[in-house]
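1. next one to model:
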Amino acid sequence: MKNFFVLTSVLLGSGLLVTDNTARSGTHKRTINNSGPVGTVSIIIDKSDYELSVYDDKGWYATYPVVFGNSSLADKKMEGDKNTPEGSFRITAKRVHEKWCRFLAIDYPTPESREKFIKRKEKGEIPANASIGGGIGIHGTWPHEDFVIDRYKNWTLGCISMKNEDVKEVYGYTSSGTRVTIRK
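-> Predicted structure coming up:
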């Protein structure tokens, strides 16, 4: 959460109002426009800070706490390693999910992901018979288990998990084609 303190001082210094919604620990939004993001939306997920930030045509819109698969926070190397992939992706589909509230599928593996996978096989970093995997997305938690986000408990198989109320918000203002960048 270190970036929040820097961001708050910059935003407040420029006269913008920022709220800290303590009922949903770690959720921060600009309050200039309560009707949602303006124009094109993009998402940046910072694994080292456990944050998903939403940007629109005016800049930063909101930041939400998230968790991942493996606590190492390493880049996904192969199916089954529980690591969350890094790179540039797009949302390909959205749906209400029976277990995790909402699911926003991303286009992993991309050609860039496949290239990294092949190079890792060539270097012997992963078994020759390994597969790249798939089915990665942004989703909520099991019902009544938002506490895993507050505790930064990585539990997924490589996806990005958010509190259910947060994933409903993001689901509401994203669409197929929304850019998603995942970085360490």
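
2. max-length strand in this structure?
-> Ordering each strand of the chain by length in residues (DSSP state E) puts strand 87-97 first.

3. partners of that one in the sheet?
-> Strand 87-97 sits in its sheet next to strand 101-106 (antiparallel), strand 179-183 (antiparallel), going by DSSP bridges.

4. identify, out of those, the most deeply packed stretch.
-> strand 101-106 (a mean of 22; mean count of other CB atoms under 10 Å). Where you see a C-beta, it was placed from the backbone N, CA and C, and this is true even at glycine.

5. circling back: turn the strands paired with strand 87-97 into TSV, including mean pLDDT and distance to Val38.
-> Shown next, in TSV, are these (pLDDT from 0 to 100; distance: least, CB to CB, whole Å):
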stretch	mean pLDDT	distance to Val38
strand 101-106	98	20
strand 179-183	98	16
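
6. which one of the ones you listed lies nearest to Ser88?
-> Proximity to Ser88 (CB to CB) singles out strand 179-183 among those, at 5.5 Å.

7. run through who's touching the closest one.
-> Applying CB atoms under 8 Å, 6 or more residues apart in numbering, the contact partners of strand 179-183 are 42-47, 84-91, 106, 138, 160.

8. switch the cut-off to 10 Å
-> Outside of strand 179-183, the residues within contact range by CB atoms under 10 Å, 6 or more residues apart in numbering are 40-49, 52-53, 55, 68, 75-76, 84-91, 104, 106-108, 136-138, 160, 174.

9. about what we covered before: looking at the strands paired with strand 87-97, which is nearest to Asn164?
-> Asn164 lies closest to strand 101-106 among the strands paired with strand 87-97, at 4.2 Å (CB to CB).

10. where's that closest one relative to the chain centroid, distance-wise?
-> With CA atoms, centre = their mean, to the nearest Å as the basis, strand 101-106 stands 11 Å off its chain's centre.

11. quick one: buried residues of the helix or strand just after it?
-> Next along the chain after strand 101-106, taking DSSP states H and E as the criterion, comes helix 111-122. Buried residues in helix 111-122, defined by neighbour count with 16 or more other CB atoms under 10 Å: Ser113, Lys116, Phe117, Arg120, Lys121.

12. quick one: which of those residues is nearest to Lys184?
-> Closest approach between the buried residues of helix 111-122 and Lys184, by CB to CB: Lys116, at 13.6 Å.
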